[in-house]
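**Q** sequence plus the predicted model coming up.
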Number of protein chains: 2
Amino acid sequence: MDNLSAKGISWYYDRLNRHCCRLTKPRRAILDILEDTGEHLSAEQIHRQVSKISTNAGLSTVYRNLELLVRIGLVWKFDAGDKKARYEIAKRTDENHHHHLICKKCNTIIDYSASVDNEKDFIKMREKNLSRKYNFKIENHCIDFFGLCYKCRKS
Amino acid sequence: MDNLSAKGISWYYDRLNRHCCRLTKPRRAILDILEDTGEHLSAEQIHRQVSKISTNAGLSTVYRNLELLVRIGLVWKFDAGDKKARYEIAKRTDENHHHHLICKKCNTIIDYSASVDNEKDFIKMREKNLSRKYNFKIENHCIDFFGLCYKCRKS
DNA sequence: CTTGTTAATGAGAATTATTCTCATTAAAAA
DNA sequence: TTTTTAATGAGAATAATTCTCATTAACAAG
Ligand SMILES: [Mn+2]
Ligand SMILES: [Mn+2]
Ligand SMILES: [Zn+2]
Ligand SMILES: [Zn+2]
C-alpha cells in the first residue's frame, strides 16, 4: 500500500493537482485530521492537532491552506455563531451533504442528514426557482437551526 | 403626535421596558436607522449613521446595544461571509420573515420572502421533526444561499 | 418638578481571529 | 540530480469586537 492510496489521499491529490497545488506535508496533515475526526474544528484546533502528527506547522500555514482547501472544494467552512470559523471535511458524494443544529449555549454542533423529509429535493427546487427569479447563480447554501441541545435545556 | 408614538417607538419601548432597559438616545437612534434603511448594516456603518442623527455615540455603545437588541429580539444579526456581522431590524409580525441570497463577489444581499413555494411551511415542519428527533429546542434558523448576483455573473 | 439610584455611556485600551511579509525550504517537473 | 517556483513558518500587522472605568442621564419615587 503506497503512501498515496491510503486514506483516500489520491482523491485529494487529484483535486489539488488539477488546481496546480502541491500535496505538502501540512496540507496533507490538515486533510487527514479533518477526515479522521468527524468534528467541526476551528483553525486553532486544527493547528494544535497538526502540530502533534506533523512537525509543527505555522498557524499562518494552517489558515492559508484552509482557505485554499475551501476554495477548491475539499473543505467546508461555516460559522457557528461564536466568532471563529469552523471547518469540516467535504465529502466526495453529496450523500454526506448535511445541515446543522447548533446549541447557542454550549456550542455543540449536530449534523443532520438532509435526505430526510425530502429536504434535499425541496432545497433543489427552491434553488432553481430563486435562481430564475433573481437571475442569481446559486453555488452553495447554509442552513442552520439554532437553539438549545437536550443537555442545555435542563440547566 | 408625541415622541413615543412616532415610528413605532412605543413598540420598542414596551419591549425594552419588559426587559428593564431604558430607551436611551443612542439606543433609539440605532433602532431608527435600522428601521428606516432596509439594508443589512455592519456595526461600523450603523455607528457612522448614528453619529449623524444623534450626538456622536461611541462605537462601543453601538456594539453593546446591538448585542442587547439582538438578545431581546428587536434586531436580527447574521453573517454574510465577510467577517463582519450584519444587522437588520426584526419585524413584529413574521410576515416579514425572509432569507437571503448573498453574492460572494460583491457581497450584495438580496432579501427574498419565505412565503413562496411553501418554504415557510416546509421549514416549520422540518423544525418540528428535527426538534423531536434530536430533542433540541429550535429557536431560530439561518438560511442563506451563496453565489453570484446577476451583475457579477458577467464580469 | 426635584432628587436619588443605577443603568448606560463614551474614549480608548485590550483582546482575538485572521491576514500579511519576507527570507527560507521543499515539492515535483525536467 | 538539478531547477523552478509554490509553499512554508515566524512574527508583525490588521481589523472586528469586547472590556474598563470614570462620568452621565433615564426614570421611578417623592
Ligand atoms: Mn457538519
Ligand atoms: Mn434581510
Ligand atoms: Zn448545548
Ligand atoms: Zn455580486
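**A** Yes, it's here. Ligands and ions are numbered 1, 2, ... in the order given.

**Q** is the longest strand anywhere in chain A positioned near chain B?
**A** Taking DSSP state E as the criterion, chain A has its longest strand at strand A:137-148. Yes. Applying CB under 8 Å from any CB of the partner chain, one finds strand A:137-148 touching chain B at A:137-148. All C-beta spots, glycine's among them, are computed from the backbone N, C-alpha and C.

**Q** can I get that strand in PDB? Just the C-alpha atoms.
**A** Only the C-alpha atoms of strand A:137-148 are listed here, as PDB (Å, rounded to 0.1, in the frame of the first residue of the first chain):
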ATOM      1  CA  LYS A 137     -26.200  31.800  -9.700                       C
ATOM      2  CA  ILE A 138     -26.500  29.800  -6.500                       C
ATOM      3  CA  GLU A 139     -23.300  27.900  -5.700                       C
ATOM      4  CA  ASN A 140     -24.000  26.700  -2.200                       C
ATOM      5  CA  HIS A 141     -26.100  27.200   0.800                       C
ATOM      6  CA  CYS A 142     -26.000  27.300   4.500                       C
ATOM      7  CA  ILE A 143     -28.900  26.000   6.600                       C
ATOM      8  CA  ASP A 144     -28.600  26.100  10.300                       C
ATOM      9  CA  PHE A 145     -31.000  25.800  13.100                       C
ATOM     10  CA  PHE A 146     -30.100  27.500  16.400                       C
ATOM     11  CA  GLY A 147     -31.400  26.700  19.800                       C
ATOM     12  CA  LEU A 148     -30.800  24.500  22.800                       C
END
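
**Q** buried stuff in the following helix or strand past it?
**A** Downstream of strand A:137-148, the first helix or strand assigned by DSSP states H and E is helix A:150-154. Within helix A:150-154, the residues scored as buried using 16 or more other CB atoms under 10 Å in any protein chain shown are A:Cys152.

**Q** where does pLDDT dip in chain A?
**A** Scanning chain A with the threshold set as pLDDT under 70 gives A:1-10, A:92-93.

**Q** could you pull out the strands in it for me?
**A** Under DSSP E, chain A gives strands at A:41-42, A:75-79, A:85-89, A:98-103, A:109-113, A:137-148.

**Q** can you redo the ones you listed as TSV with distance to ligand 3 and mean neighbour count?
**A** What follows is these, written out as TSV (distance: least, CB to the ion, whole Å; neighbours: other CB atoms under 10 Å in any protein chain shown):
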stretch	distance to ligand 3	mean neighbour count
strand A:41-42	17	18
strand A:75-79	17	19
strand A:85-89	15	22
strand A:98-103	3	21
strand A:109-113	10	16
strand A:137-148	6	18
